[in-house]
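> structural data only, the sequence is not supplied:
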């Protein structure tokens with residue numbers, strides 16, 4: 001039995017009995033049965049770990065050993081960003097190093113929300129990762145691919161789904177609408193245009209960006225404020241991963257931001 005973790009406590013704390021709020025399937029453990037030796041065994045599932053615990057669950061009445069254990073690290077990042085200037089404090093250099101490593105791990109066929117769990121594209125993560133990419137790896141074709149993928153999988157009403165899958169064929173997580181994520185598509189497209197001067201792509205996707213602004217107008221009241229109660233009934237207003245927050249001001253701010261970025 002293999003248990004993979006990013007910190008020692010993760011591999012030392014038993015996963016079961018499991019009472020978590022997300023699926024047990026996300027946890028990084030694998031039970032492998034090897035019928036003959038010698039053999040080469042591969043775990044095809046992509047995992048995110050620094051530590052691995054190996055437990056012998058059962059064995060026949062002969063000795064064996066595990067040898068030549070390797071891990072394949074995968075990324076679509078192709079270049080190494082320039083190092084920070086020498087005069088930068090060491091702590092800043094370390095933060096930059098860790099941040100670049102994290103971004104690289106998330107750069108696969110799309111910008112993933114993370115290499116450990118969902119391993120798929122969300123608009124909010126795309127916005128942040130593409131922004132960081134513009135100042136580091138400069139792999140703008142990955143940003144372009146993500147923008148087109150999201151646009152192609154928009155809902156029948158033209159609004160963007162917050163997250164999409166690539167396999168077995170590209171498809172959205174249906175009816176997964178996050179209001180501010182739809183807005184952030186526009187900001188990402190604008191950032192992409194500024195980083196690449198790719199006017200053709202911006203023009204191609206402009207109709208998608210313009211459609212997202214219909215969301216703002218559908219909740220705009222005569223006093224200039226967004227109708228939070230109505231929007232909250234019809235959309236998932238995410239803003240931050242915590243229940244019980246007052247999000248009225250945040251909705252107003254992100255709506256103004258989206259309009260400015262789009263214009």
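Structure received. Note that this is a predicted model, so its numbers are computed, not measured.
> per-residue pLDDT, residue 65?
Here, the pLDDT recorded for residue 65 equals 88.
> is it in a helix, a strand, or coil?
coil (DSSP: H, G, I helix; E, B strand; the rest coil).
> and for it, the neighbour number?
Neighbour count for residue 65, taken as other CB atoms under 10 Å: 6. In short, each C-beta sits where N, CA and C put it, glycine included.
> can you confirm residue 124 is in a helix?
Yes: under three-state DSSP, residue 124 falls within a helix.
> report the contact partners of it.
The neighbours of residue 124, taking CB atoms under 8 Å, 6 or more residues apart in numbering as the test, are 162, 178, 180, 181, 184, 238.
> recalculate using a threshold of 6 Å.
Residues near residue 124 by CB atoms under 6 Å, 6 or more residues apart in numbering: 181, 184.
> residue 55 too?
residue 1.
> how close does it sit to residue 33?
Residue 55 is 13 Å from residue 33, where distance means CB to CB, to the nearest Å.
> same thing with residue 176?
From residue 176 to residue 33 the distance is 37 Å (CB to CB).
> pLDDT at the one residue sitting closest to the centre of the chain, what is it?
Among the residues of the chain, residue 113 comes closest to the average C-alpha position under CA atoms, centre = their mean, at 1.2 Å. Looking at residue 113, its pLDDT is 93.
> quick check: closest non-adjacent residue to it.
Closest residue to residue 113 apart from its sequence neighbours, by CB to CB, 6 or more residues apart in numbering: residue 125 at 4.2 Å.
> any buried residues in the strand or helix carrying residue 141, and which?
Using DSSP states H and E, residue 141 maps to helix 140-152. The neighbour-count check on helix 140-152 (16 or more other CB atoms under 10 Å) flags 140, 142, 143, 144, 145, 146, 147, 149, 150, 151 as buried.
> picking that back up, neighbour-wise, which of residue 176 and residue 33 wins?
More neighbours surround residue 176 than the other of residue 176 and residue 33, with 15 against 7 (other CB under 10 Å).
> leaving out chain neighbours, which residue sits closest to that one?
residue 162 (4.9 Å).
> same question for residue 143.
The nearest residue in space to residue 143 (CB to CB, 6+ apart) is residue 130, at 4.3 Å.
> before we move on, what about residue 236?
Nearest to residue 236 is residue 178, by CB to CB, 6+ apart, at 5.1 Å.
> neighbours around the one you found, how many?
20.
> equivalent analysis for residue 188, please.
25.
> element containing it, please.
helix 179-196.
> check what contacts that helix and list those residues.
Under the criterion CB under 6 Å, 6+ apart, external residues in contact with helix 179-196 comprise 123-124, 126-127, 130-131, 134, 140, 143, 147, 159-160, 162, 202, 205, 209, 212, 235, 237, 254, 258, 261-262.
> residue ranges of the helices in this structure, please?
Secondary structure of the chain (DSSP state H): helices located at 8-12, 90-106, 123-134, 140-152, 179-196, 199-219, 228-234, 248-262.
> what's the closest of those to residue 19?
helix 8-12 (16.4 Å; CB to CB).
> buried sites along that closest one?
10, 11.
> same thing with stretch 203-214?
In stretch 203-214, residues buried by neighbour count (16+ other CB under 10 Å) are 205, 208, 209, 211, 212, 213.
> kindly indicate which of the residues you listed lies nearest residue 70.
residue 205 (41.2 Å).
> for the residue lying closest to residue 8 once chain neighbours are set aside, give its distance to residue 31.
Closest residue in space to residue 8, ignoring its immediate chain neighbours: residue 51 at 5.8 Å, by CB to CB, 6+ apart. Distance from residue 51 to residue 31, counting by CB to CB: 18 Å.
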